[in-house]
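Peer 1: please find the sequence and the predicted model below.
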Amino acid sequence: METRLEMIFKTGAGRKFRLTLDNPRPDLDPSEIQAAMNLIISKNLFAVDGDVTEIDSAHIITTQTEPVEFI
């Protein structure tokens, strides 16, 4: 099973910027994610059109991959 943390930000250009991190800590709580997102905004870490200006949302995504076996 694979897990990803997807953080979505709004930009000054009215678009959304998506940042995805593989294998986040399983014990992450919403306040830690929000603090990390606020730090990303305050440090202006990414060069996107219109700069990252605010938090939109965040999601923990879990996927399970099952191989298909051919006979």
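Peer 2: Ah, there it is.
Peer 1: for the lengthiest strand in the chain, the distance to its chain's centre please.
Peer 2: Longest strand in the chain by number of residues, with DSSP state E as the criterion: strand 52-63. Distance, stretch centre to chain centre, for strand 52-63: 4 Å (CA atoms, centre = their mean, to the nearest Å).
Peer 1: list the neighbouring strands of that strand plus their orientation.
Peer 2: strand 2-11 (antiparallel) (DSSP bridges).
Peer 1: buried residues in the strand it pairs with?
Peer 2: Going by neighbour count (16 or more other CB atoms under 10 Å), the buried part of strand 2-11 is Leu5, Met7, Phe9, Lys10, Thr11. Glycine gets a C-beta too; all of them are placed from N, C-alpha and C.
Peer 1: pLDDT on that strand, on average?
Peer 2: Strand 2-11 carries an average pLDDT of 97.
Peer 1: just stretch 17-25 next, same as before
Peer 2: 97.
Peer 1: how far off centre is it?
Peer 2: The mean C-alpha position of stretch 17-25 is separated from the chain mean by 4 Å, CA atoms, centre = their mean.
Peer 1: okay if I get the buried residues of strand 2-11 as TSV plus distance to Ile60?
Peer 2: Shown next, in TSV, are these (distance: CB to CB, whole Å):
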residue	distance to Ile60
Leu5	6
Met7	10
Phe9	17
Lys10	20
Thr11	23
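Peer 1: Glu32: which of those residues is nearest?
Peer 2: Minimum distance to Glu32 across these is 10.3 Å, recorded for Leu5 (CB to CB).
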